[in-house]
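Q: What follows is a protein structure lacking sequence information:
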Ligand SMILES: C[S@@+](CC[C@H](N)C(=O)[O-])C[C@H]1O[C@@H](n2cnc3c(N)ncnc32)[C@H](O)[C@@H]1O
């Protein structure tokens with residue numbers, strides 16, 4: 001636990017200036033445990049259904065309809081010391097978590113994507129996206145329509161982003177690992193909504209993550225201001241006129257928050273602040289009205305800063321680009337077509353893209369440019385092998401129960417669920433030969449290759465329950 005005496009003098013002075021008479025209440029809040037939140041994956045179920053299925057009377061997070069406090073686990077998410085039974089009940093080891101029914105997210109961190117006003121059909125860019133909290137939330141709001149481009153600069157962090165997107169069953173997505181400068185050369189005025197959840201000094205996360213505090217002591221806020229402005233500058237180029245840009249940080253530092261925004265607004269006269277109401281205990285910034293701070297002594301959540309900007313609308317010149325010639329549909333391997341025909345869905349075979357034997361289902365009408373480093377172009381369906389098609393985990397997570405003819409549907413309390421998630425061979429109740437979808441209470445978990453009753457495990461090794 002961090003104590004006042006550990007805090008750098010410069011930080012304390014800045015916080016006293018920011019909080020005035022509330023400073024002591026803020027310091028006291030550092031002694032309290034942080035809140036843990038879960039957010040319903042609206043692609044898979046409603047918040048009411050999630051409550052029912054988890055059989056808990058959760059308290060709602062006031063500012064995010066689909067978010068709940070997970071009171072029992074207020075504090076650190078350690079499961080290594082728990083018994084196997086208690087682990088299953090915990091939020092991060094529950095089979096429904098593996099089915100992608102919810103995302104574990106700090107309650108304040110649910111605010112920025114919600115403030116972006118994302119609607120089905122929008123083109124959304126999440127520019128600093130890893131590990132994927134805001135991206136998975138944005139995809140929930142898109143409801144499978146439109147496009148999500150989810151980017152992170154860090155090659156290591158983008159792996160967690162990819163996993164979280166795939167577990168959530170998202171298909172209308174491009175995942176990139178790029179410097180925003182490269183993206184802005186291609187996606188010119190392309191997006192309706194952009195989220196810049198910027199790298200920051202993390203002052204709002206001190207009580208939650210001691211590593212953030214240590215990093216802060218070595219770098220401090222100034223380091224991040226220039227970086228944030230440079231990211232915002234690239235975002236500006238990619239936003240459509242009339243579009244919305246949400247900038248957020250998990251820091252209180254005015255040098256970063258107001259500082260970066262004022263510098264940005266000075267350069268970009270075409271942007272203005274679209275006011276966020278200071279409801280729910282949020283605090284309006286005195287220096288930049290219409291932007292808000294979330295403080296742990298005011299709300300049940302950690303520290304955050306959120307601003308919503310709009311780009312002025314103007315008449316855009318008609319796109320004179322010649323219509324691209326329709327590409328000839330690739331001749332698809334029979335095995336792939338046969339497999340996809342088992343899933344009750346109207347596949348648009350022209351959207352299937354094969355790269356080195358890997359088959360992807362591309363998002364509709366998405367701009368994809370060879371110069372960029374894509375980690376995923378749409379939904380990774382699987383691999384075309386000699387005389388067979390090997391479906392992948394991402395596809396399984398995207399399939400709905402009713403789309404598969406004879407899923408192996410297990411209840412959450414069936415011991416085979418955890419054995420399956422651990423990678424073991426399990427026995428089915430009925431005989432079948434071939435690839436079969438495994439579900440928990442009607443939600444997909446992965447595939448098995450069944451022979452009579454024996455089900456060879458196809459659950460992705462890197463995601464196993466431990
Ligand atoms: C606050 S975290 C993002 C958290 C994420 N939005 C979420 O909700 O899960 C900031 C991210 O910015 C990334 N980052 C750092 N420099 C960047 C840059 N120049 N361009 C894009 N992303 C960058 C970091 O790798 C980090 O993942």
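A: Received, thanks. As the structure is a prediction and not an experimental result, all values here were calculated from the model. Numbering: from 1, shown residues only.

Q: which element is the closest residue to residue 430 other than its chain neighbours on?
A: Of all residues not flanking residue 430 in the chain, residue 453 sits nearest, at 7.4 Å (Cβ to Cβ, 6 or more residues apart in numbering). Placement of C-beta: from N, CA and C, glycine included. Element membership for residue 453, per DSSP states H and E: strand 443-457.

Q: Could you name the helices and strands sitting against that strand?
A: In terms of contacts (3 or more Cβ pairs under 8 Å, 6 or more residues apart in numbering; DSSP states H and E), strand 443-457 is packed against helix 95-98, helix 393-398, strand 408-410, helix 415-421, strand 426-440.

Q: Apply 10 Å and report the result again.
A: helix 95-98, strand 388-391, helix 393-398, strand 408-410, helix 415-421, strand 426-440 (3 or more Cβ pairs under 10 Å, 6 or more residues apart in numbering; DSSP states H and E).

Q: helices or strands up against the first one?
A: With contacts taken as 3+ Cβ pairs under 10 Å, 6+ apart, helix 95-98 sits against helix 47-54, strand 102-104, helix 415-421, strand 426-440, strand 443-457.

Q: Okay, now the sheet partners of the shortest one, with direction.
A: Note on strand 102-104: by DSSP bridges, its sheet partners are strand 37-40 (antiparallel).

Q: ok, now which ones touch the residue nearest to residue 408 when sequence neighbours are not counted?
A: Spatial nearest neighbour of residue 408, chain neighbours left out: residue 438 (4.9 Å); criterion: Cβ to Cβ, 6+ apart. Listed by Cβ atoms under 10 Å, 6 or more residues apart in numbering, the contact partners of residue 438 are 396, 404, 407-410, 416-417, 420-421, 426, 428, 444-448, 450, 455, 457-459.

Q: at 6 Å instead, please
A: Residues in contact with residue 438 (Cβ atoms under 6 Å, 6 or more residues apart in numbering) are 408, 420, 445-446, 448.

Q: Would you mind measuring from it to the ligand?
A: Look at residue 438 and the ligand: by Cβ to the nearest ligand atom, to the nearest Å, they are 28 Å apart.

Q: So what pairs up with that residue in the strands?
A: Beta-bridge partners, per DSSP bridges, of residue 438: residue 408, residue 446.

Q: Just the pLDDT for it.
A: In this model, residue 438 is scored at 98, pLDDT.

Q: Residue 150 versus residue 369, what's the distance?
A: The gap separating residue 369 from residue 150 is 16 Å, by Cβ to Cβ, to the nearest Å.

Q: With residue 6 instead?
A: 36 Å.

Q: Compare these two and say which one has the larger neighbour count.
A: More crowded of residue 6 and residue 150, by other Cβ atoms under 10 Å: residue 150, with 30 against 12.

Q: Tell me the buried residues in the strand holding residue 453?
A: Across strand 443-457, burial judged by 16 or more other Cβ atoms under 10 Å covers 443-448, 450, 455, 457.

Q: what angle sits between that strand and helix 47-54?
A: 40 degrees (axes from the mean of the first three to the mean of the last three Cα atoms, to 10 degrees).

Q: what residues does strand 443-457 touch?
A: Outside strand 443-457, the residues within contact range by Cβ under 6 Å, 6+ apart are 99, 391, 393, 396, 399, 423, 425-428, 431-433, 435-438, 458-459.

Q: Buried subset of the residues you listed as a PyMOL selection?
A: A single PyMOL command is used to select the members of these judged buried by 16+ other Cβ under 10 Å:
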select buried, resi 99+391+393+396+399+426+428+435+436+437+438+458+459
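
Q: tally of neighbours for residue 382?
A: Residue 382: 25 neighbours (other Cβ under 10 Å).

Q: Where does the prediction get shaky in the protein?
A: Counting by pLDDT under 70, the chain has low-confidence residues at 71-83, 85-89, 317-330.

Q: Around the ligand, which positions in it sit nearby?
A: 109, 127-134, 152-154, 157, 180, 197, 199, 231 (Cβ under 6 Å from any ligand atom).

Q: among those, which are in helices?
A: Among the residues of the chain next to the ligand, the members falling in helices (DSSP state H) are 133-134, 157, 180, 231.

Q: List buried residues within those residues.
A: By neighbour count, with 16+ other Cβ under 10 Å, these hold 133-134, 157, 180, 231 as buried.

Q: need the strands for the stretch 1-150 of the chain, in chain order.
A: Assigned by DSSP state E, counting those that start in this stretch, the stretch 1-150 of the chain shows strands spanning 37-40, 59-60, 67-69, 102-104, 123-126, 147-151.

Q: which residues touch residue 297?
A: With contact set as Cβ under 6 Å, 6+ apart, residue 297 has these partners: 25-26, 29.

Q: The ligand versus that one, what's the distance?
A: 22 Å.

Q: State the number of residues packed around residue 240.
A: The burial count for residue 240: 17, using other Cβ under 10 Å.

Q: Confirm it sits in a strand?
A: Yes. Counting by DSSP: H, G, I helix; E, B strand; the rest coil, residue 240 is found in a strand.

Q: pretty sure it is touching residue 189, no?
A: Yes. When contacts are counted by Cβ atoms under 6 Å, residue 240 is listed as touching residue 189 (5.1 Å).

Q: Report the closest residue of the stretch 301-450 of the chain relative to the ligand.
A: Residue of the stretch 301-450 of the chain nearest the ligand, by Cβ to the nearest ligand atom: residue 304 (10.2 Å).

Q: That residue pairs with what?
A: Legend: beta-bridge partners of residue 304 under DSSP bridges are residue 294.

Q: Let me see the contact set for residue 113.
A: 134, 137-138.

Q: now with 7 Å?
A: 134, 137-138, 195 (Cβ atoms under 7 Å, 6 or more residues apart in numbering).

Q: which of the residues you listed sit farthest apart?
A: The two members of these with the most space between them (Cβ to Cβ) are 137 and 195, at 9.2 Å.

Q: Can you say which of the contacts of residue 297 are buried?
A: Listed as buried from the contacts of residue 297 are 26, 29; burial here means 16+ other Cβ under 10 Å.

Q: Beta-bridge partners for residue 67, please?
A: Under DSSP bridges, the beta-bridge partners of residue 67 are residue 39.

Q: That one contacts residue 110, doesn't it?
A: Yes. Using Cβ atoms under 7 Å, residue 67 is in contact with residue 110, at 4.9 Å.

Q: Please enumerate the shared neighbours of these two.
A: In terms of Cβ under 7 Å, 6+ apart, residue 67 and residue 110 are both contacted by the residues 37, 39, 61.

Q: Looks like the second one contacts residue 104 (just checking).
A: Same thing as residue 39. No. Using Cβ under 7 Å, residue 39 is not in contact with residue 104, being 8.0 Å away.

Q: Of those two, give the one with the bigger neighbour count.
A: Set side by side, residue 39 and residue 104 show more neighbours around residue 39, with 26 against 16, by other Cβ under 10 Å.
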